[in-house]
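>>> Give the three-dimensional model of this entry:
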Amino acid sequence: GPAGVARRIHLPLAAPAVATAALLVFVDAMKELPATLLLRPLNVETLATHVYGEAARGTYESGAAAALAIVLCGLPPVALIARATLRRG
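I've put the predicted structure just below:
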């Protein structure tokens with residue numbers, strides 16, 4: 001039936017694309033600053049807003065750890081995508 005075809009054929013074919021899209025959305029959402037500044041609740045600070053606040057104050061050393069955390073959290077998904085792309089040719 002249609003459900004079996006979707007489960008056995010379409011989902012396995014779409015899985016790599018869905019996984020790649022999820023990783024790209026994760027990386028982009030993690031570093032997205034304008035949307036974070038507009039949509040965040042009051043008194044909530046994310047890594048991006050912390051880095052922005054420290055950069056605005058001119059205390060770059062205080063924001064360096066948060067900026068490094070953003071890079072370190074974003075690097076593994078990008079490496080996974082690059083490795084999967086190289087493997088597929």
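>>> right, and A67 touches Y52 too?
No. A67 is not in contact with Y52 according to CB atoms under 8 Å; the separation is 10.0 Å. Bear in mind the C-beta positions are built from the backbone N, C-alpha and C, glycine included.
>>> Show me what secondary structure element comes after the helix or strand of the chain with the lowest mean pLDDT.
Lowest mean confidence among the helices and strands of the chain (mean pLDDT, DSSP states H and E): helix 34-39, at a mean of 82. Downstream of helix 34-39, the first helix or strand assigned by DSSP states H and E is helix 47-57.
>>> Give me the residues contacting that next one.
Here helix 47-57 makes contact (CB atoms under 8 Å, 6 or more residues apart in numbering) with 30-33, 36-37, 40, 45, 60, 62-63, 66-67, 69-70.
>>> and the least confident helix or strand of the chain, what other elements does it pack with?
Helices and strands touching helix 34-39, by 3 or more CB pairs under 8 Å, 6 or more residues apart in numbering; DSSP states H and E, are helix 47-57.
>>> tell me the angle of the next helix or strand after the helix it packs on relative to helix 47-57?
Proceeding N to C from helix 47-57, the next assigned helix or strand is helix 60-88, under DSSP H and E. Helix 60-88 and helix 47-57 are oriented at 140 degrees to each other (axes from the mean of the first three to the mean of the last three CA atoms, to 10 degrees).
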